[in-house]
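**Student:** Next come a sequence and a model predicted from it.
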Amino acid sequence: MAEQAQQFTFQAEVQRLLDLVIHSLYTDKEIFLRELVSNASDAIDRLRFEALTRSDLLPEGHEPRIRLIPDAEARTLTIEDDGIGMTRDEVVQNIGTIARSGTREALAQLKDKGDGAAQLIGQFGVGFYSSFMVADRVELVTRKAGTDEAVRWTSAGDGSFAVSDAERDRPGTSITLHLKPVDSENGIEDYTDRWVLGRIVKQHADFITYPIVLPGEKTEELADPAPEKPLNSMKPIWARPPSEVTAEEYADFYKQISHDWSEPLETIHTRVEGLVEYQAVLFIPSRGANDLYYAGFKPNLRLYVKRMLVRENSEELLPRWMRWVRGAVDSPDLPLNVSREMLQSDRHVRQIRRALTKKVIDTLKKLQENDRAKYEAFWRELGRAVKEGVDSDFENRDALLGLLLFGSSREAEALTSLAEYVGRMPEGQSDIWYLTGASREQIENSPALETFRDRGWEVLYLTDPVDELVVQSVTEFEGKKLRSAGKGAVELEGAEKKESSDEQKKEFEPFLQVLQTRLTTWVKEVRLSGRLTKSPAVLVVAEHDYSPQLERLMSMGRDGIRQRRILELNASHPLVQGLRRRFDANADDGVVGDYAELLLGWSLLAEGSEPHDPVRFTQLVAGLMETGLDSAPSSPSAASSTETESAPVADSDGSVPASEAGESEAATATA
Ligand SMILES: Nc1ncnc2c1ncn2[C@@H]1O[C@H](COP(=O)(O)OP(=O)(O)OP(=O)(O)O)[C@@H](O)[C@H]1O
């Protein structure tokens, strides 16, 4: 007795994907066939792989095929495979939910259904769902190898699907598309036409390694149908001479293995015969996968041994930072039933890995040299992963340094390599300078850059969190030190300057001591600055301490203990000079301590951080503003420095009048 069909609703993201598939104006509708045939081919691959250890799974004389069965009268097309099939649970799980969290998130964010959506759709593994571009109802019957039960899945793509028991005489899967009417204006052809099917297979699925066949045609002369003749050549793309493979064939192959519908950025086809033999077609994608930076991400790299797929997501053939590389590698030198552990320690695998890694790096290098725009497009998509390599791939570290690009103080939108930076270094500059921060804007506002600007020295702007990793592991490039503009002391160049600065240091010593004592909870040293030319103060860290950016990242969401930093003062700034005069006049003047705190709070705000004690800081600022009002002349032009020059040094309560603690030179330029 037939059981009642069980109804399920699609996961919200799947329905969204379906809506996009159905409504987006995707022109190339015929590629649904490539997607379904790819799934069929994968299913056969999986069965053959499973059968390596369970020979009972393969029926005697198993000659796997992918059959296309058109029915012009019923207006259906069935795609049938002798693959591994699915259990009931697998059907519900695989064809009803999206497992990959990155894809789910991206879909959840994707609201519009306009042209943008049509483009974006290429980012998701649409696979099976592409059937709904050409069919208004889809029926799938499948039986898992090694079981007797078959299951039927049906859906009209309208939010729900039904699952019920079914019959199937052998393992495998059949997918029947109830085709939409032919509509050539919208790119829907007659997919029951043998000629159309033959053309699509030839064009988009020629490289599938199993025969794709149409049922033999019955003719008047032949009582039995003519034998099935494969529509595809079945030659895997990597086994063909590169000169004979067209760009379109590579792109189709890429789309088959990646389910990314956008064109690959670069294709690498390599065939090596020697100590170790292998063939590989690798792709640099034009876009990184949505879940590339998730811990569970698996690379889209297939490993074949003599054309038998042994690993769909091989992590052994390329370093982890190259997990965005997609493609297929085939080698006859590896054992068929390879375990992960064996793969990792296999000598041949190691050799292949080394060679392929180098190949990809060389390709990127060439791209950087010959097509800068394309390389920058790659960099903006995947540069972050390359930076991971700098920290982890010691063998290729030097080559990777050459690939790095950064923003810099030179030009707002431009990216520069380290070599280009070094090439522009003016005389007198011996190090490569950078500053890390949350954004270009924040870095640009940092007072720590003042002297660099004045000297005309370029500073690299490191705004990506992984840049912190890069600069921790790279200390030199072409013999030039990489130095943070916000770390350690920046020396003034020239002997004369040094002498005068030594003298100044001595003069300021007692004053700085008092500030330091007042700020000791947060600051480990108060000293004179070599990097300030305009601002009164800046916070820096010692040479080997964490940068504020790294500290912020590490204490994300937690109240971490902050490391004590160094407060640098600009000795020639009127605010600092005025304050020192107050100190010289009366070493116990309470104003000096309050100003120390204000300067510290100001420096924190200037770099984009919060004052340590915002309440205390605002109180100090309010007090200062009040005094400013009490003492400032009533004329609106009072802000000019000439007017304030005659302003009193301090009020009766002992505070210095100033409109702002920071930039206002006027308020403190007093005698
Ligand atoms: N013909 C088939 N035989 C067996 N399983 C299939 C078949 N078609 C689809 N599947 C299963 O359904 C899953 C979802 O298919 P779909 O085409 O939507 O995504 P996919 O992108 O191929 O999946 P993957 O992320 O594994 O590449 C497949 O991963 C596979 O497990």
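**Tutor:** All right, it came through fine. Numbers count the residues shown, from 1 in each chain.
**Student:** List the residues that contact the residue lying closest to residue 392 once chain neighbours are set aside.
**Tutor:** The shortest distance from residue 392 to any non-neighbouring residue, by CB to CB, 6 or more residues apart in numbering, is to residue 321 (6.1 Å). For every residue, glycine as well, the C-beta is placed using N, CA and C. Residues in contact with residue 321 (CB atoms under 8 Å, 6 or more residues apart in numbering) are 385-386, 388-389, 392-393.
**Student:** can we see that at 10 Å?
**Tutor:** 357, 382, 384-393, 396, 400 (CB atoms under 10 Å, 6 or more residues apart in numbering).
**Student:** Can you select the buried ones among those residues for me in ChimeraX?
**Tutor:** Here is the ChimeraX selection string for the buried members of the contacts of residue 321, based on 16 or more other CB atoms under 10 Å:
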select :357,382,384,385,386,387,388,389,390,391,393,396,400
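**Student:** contacting residues for the residue in the stretch 51-200 of the chain that the ligand sits nearest to?
**Tutor:** Taking CB to the nearest ligand atom as the measure, the point where the stretch 51-200 of the chain comes nearest the ligand is residue 127, at 2.1 Å. Residue 127 makes contact with 17, 32, 35-36, 38-39, 42, 94-95, 259, according to CB under 10 Å, 6+ apart.
**Student:** Show me where the chain dips below the pLDDT cut-off.
**Tutor:** For the chain, residues meeting the criterion pLDDT under 70 lie at 1-3, 24-27, 99-102, 109-125, 218-227, 337-338, 492-500, 555-561, 631-671.
**Student:** right, and residue 307 touches residue 332 too?
**Tutor:** Yes - between residue 307 and residue 332 there is a contact under CB atoms under 10 Å: 9.2 Å.
**Student:** How many neighbouring residues does the residue lying closest to residue 456 once chain neighbours are set aside have?
**Tutor:** In space, and not counting its chain neighbours, residue 456 is closest to residue 426: 5.9 Å by CB to CB, 6+ apart. Residue 426 has 9 neighbours, counted by other CB atoms under 10 Å.
**Student:** What of residue 431?
**Tutor:** Residue crowding around residue 431 was assessed by other CB under 10 Å; the count is 14.
**Student:** pretty sure it contacts residue 482?
**Tutor:** Yes - counting by CB under 10 Å, residue 431 touches residue 482, with 7.4 Å between them.
**Student:** Give the intersection of the neighbour lists for those two.
**Tutor:** Counting by CB under 10 Å, 6+ apart, the contacts common to residue 431 and residue 482 are residue 476.
**Student:** Quick one: residues contacting residue 352.
**Tutor:** Going by CB under 10 Å, 6+ apart, the list of residues near residue 352 reads 272, 276-278, 280, 303, 316-318, 329, 331, 333-334, 346.
**Student:** which one of those sits closest to the ligand?
**Tutor:** The shortest approach to the ligand among these belongs to residue 303, at 15.4 Å (CB to the nearest ligand atom).
**Student:** Tell me the secondary structure of the closest one, please.
**Tutor:** Per DSSP: H, G, I helix; E, B strand; the rest coil, the local secondary structure of residue 303 is strand.
**Student:** interface residues of this protein facing the ligand?
**Tutor:** Taking CB under 6 Å from any ligand atom as the criterion, the neighbours of the ligand within the chain are 39-40, 43, 81, 83-86, 94-95, 125, 127-129, 173, 259.
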